[in-house]
Structure formats: structure tokens, C-alpha cells
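Novice: below is the structure, and that's it, no one-letter string:
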């Protein structure tokens, strides 16, 4: 449907939208910092020393480790000089069980099989886990997690849109951290709403601020984003865009993940991206008259793959910056949007972080 709407545009409107996207990106999306952060605490996973019964893929382990590493850098997770015993319980240098941890509870949204939480439990030690997932999966981490004597596990099979954390009895009065690595499209926006109870004045409720201590959401599948769910429509309007433009922008994001990230695009840094943009703009001006006589389909087919990919990443940035701006309006001590893994690991490499004072 989104594709059909884009292809139904006039060539003039399509080119104007592309120009607008580039203008918006250059004005609000300054260089997103790179923070590929693999902590020492996760070495048991990154050095493939985990139980052979646990499904292991290096690229997923690196993504999970960098999410936790950035949470550690943000101060949400305590830098651990401890080790884990055979049951995954944190011990001090003398092998004694640690009495407590900074964040005792984690809620993983869109948990899938739960292996992000598995790494968190193995490497940092937590006492309570809530896995939120609407689907049923085989080969879950639940069995391994339940073997940890010090850990309480609860799996909530529910759609995030329908979840009210204030009604979850086991979370009452508990400081928790929210994480998510598989929050496709609108699931990111739903998770933000679920964790941060928004009032009409745009601020967080006292109840929510009493419990949420930090969050880390790896955004992905921006082509699935929906206008009705997007967290910051005001930002889109303020940029001079609307619902139809937003839908087109979400469709353009698919061009980012369709590219070959193992070759040319992987070596393209921000400055090189801007050079590509300038080059494509000159090409657009030179070809404007002939392209206007063509349809949108012809224009798209004549675009170079790397130009489409760069535009796709711009659109992903615009969507995620809007989310970051919304989070900054809440009462977090700090928040940021990072590139948490290189493109060669995954093109879905944006991480939204936020933290209260712990």
C-alpha cells in the first residue's frame, strides 16, 4: 500500500519530497555517534564460551553485548568486576555471592526467545525477569534462565499495545530496566508509551517515574512504522511534513536494509554520505526536466543503489530522532541515539537509550 501510494505521486511531488527529506535531515540529524561497545562482562558470550546447548550466532551476540555495553556506559548497568558461578549468580572476587545489584529487574519487550535477557542474566546478574512477547517460540532461553536459583522468571504473552505495567503485580514498587532488540516498526512506539505514561501535558506520571530506571531499545523495521502509532506526530508536522509524507518516508527506509552492507556502503561514513547526497542533488537538477516527464517508477529505477540506501538511512534517522526528541521531553536525566554496531554486523544499528539518576 505504501509503495503504491509513492508510485502514484506525480514526479514533481516525489522529487520535492526527496528534497524535503534531505533538508530535514541536514537541519536536525547531526552526526549520530558511533558506540560499538563490547564490555568485558560479556566476554563469556562474545568469546563463545557459553553452553553449547544455547543457540549462538556471532552477529546476534555482538549486538546484544553492545546494547548491554552501552547501558553500562550510560550508568544503568553497574560495571562488573565480578564473576558468575555455574548457576549464573554474581560473585565477588572471593567467590561469595553479591548481596544486591543496581537494577534488580528487567522487562524485555518483544523478547522472542529471550536471549538478550539470557546474556544480561549471565553477565550482570539480575533477580527478576519479565519477558513480554505475543508469539509462542521454541528453543526459548526460559529453561536456562529457570535453572538460575537466584532468578525469578515471568513470561507475559500479550501484545505490547495492551500491556499495562502498573497492573503487573510483580513490578509493584520495583525499579526496573526496559530493553528490546526485536521491536519492529510500531512496537518501539508502543513500548515507549507502555514504559512512560504520557499525560496531556506531555510529562510522565509519578507512578511510572517511580519505577522505570532506564531503557535501551534497538529500533528496526522502520518500513513497518504506522502513523497511528508513531510517538511524535507533532515533530513530523513541525518539519513541514504530514501523514502521507510519513508513510512514504517509512517505505523509503527499506532501501537502507536492501543494500549490500558488506561492500561499498559499509565504508561510507557520514561525510561521505553527504558527498553522495550532493552528487545526487546535482544529478537531480541536471535530469529534472526529463524525470518530470517520466513516472516515479522510472525515477526510482534510475537511482543508483547507494543513493537509495543513503536516502533510506536518512529516513530511518528522521523517524528515530523524532522518538529521541519525545524521550527528551520526559524527565530522564540523559538520553541519546547511537549507532551501536557497524553496518557490516547489521544495518539495523540504531539504539535509543535513556536513564534516570540511579
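Specialist: Arrived safely. Every value quoted in this text rests on a predicted model; they were computed, and no experiment measured them. Numbering: from 1, shown residues only.
Novice: measure residue 131 to residue 178 for me?
Specialist: Here residue 131 is placed at a distance of 12 Å from residue 178 (C-beta to C-beta, to the nearest Å). Where C-beta positions appear, they are placed from N, C-alpha and C, glycine not excepted.
Novice: the strands in the stretch 201-350 of the chain, which residues?
Specialist: Remark: strands of the stretch 201-350 of the chain, listed N- to C-terminal, are 212-220, 334-339, 350-355; assignment by DSSP state E, counting those that start in this stretch.
Novice: is it true that residue 252 touches residue 21?
Specialist: Yes. The pair residue 252 and residue 21 qualifies as a contact (C-beta atoms under 8 Å) at a distance of 7.4 Å.
Novice: between residue 131 and residue 178, which contacts overlap?
Specialist: Common neighbours of residue 131 and residue 178 (criterion: C-beta atoms under 8 Å, 6 or more residues apart in numbering): residue 108.
Novice: related to what we said a few turns ago, more neighbours: which of residue 252 and residue 21?
Specialist: For residue 252 against residue 21, the residue with the higher neighbour count under other C-beta atoms under 10 Å is residue 252, and the figures read 25 against 21.
Novice: pLDDT score assigned to that one?
Specialist: Residue 252 carries a pLDDT score of 97 in this model.
Novice: grab the nearest non-local neighbour of it.
Specialist: Taking C-beta to C-beta, 6 or more residues apart in numbering as the measure, residue 252 lies nearest to residue 315, with 4.5 Å between them; neighbours along the chain are not counted.
Novice: kindly report the same for residue 76.
Specialist: Take residue 76 and drop its neighbours on the chain: the residue closest to it by C-beta to C-beta, 6+ apart is residue 214, 3.4 Å away.
Novice: so how far is residue 158 from the one you found?
Specialist: 22 Å.
Novice: for those two, indicate the residue with more neighbours.
Specialist: Counting neighbours by other C-beta under 10 Å for residue 214 and for residue 158 shows that residue 214 has the greater number, 26 against 13.
Novice: shaky segments in this structure?
Specialist: Residue ranges of the chain with pLDDT under 70: 48-56, 79-102, 197-210, 259-293, 357-358.
Novice: which of the three states applies to residue 108?
Specialist: In three-state terms, and counting by DSSP: H, G, I helix; E, B strand; the rest coil, residue 108 is strand.
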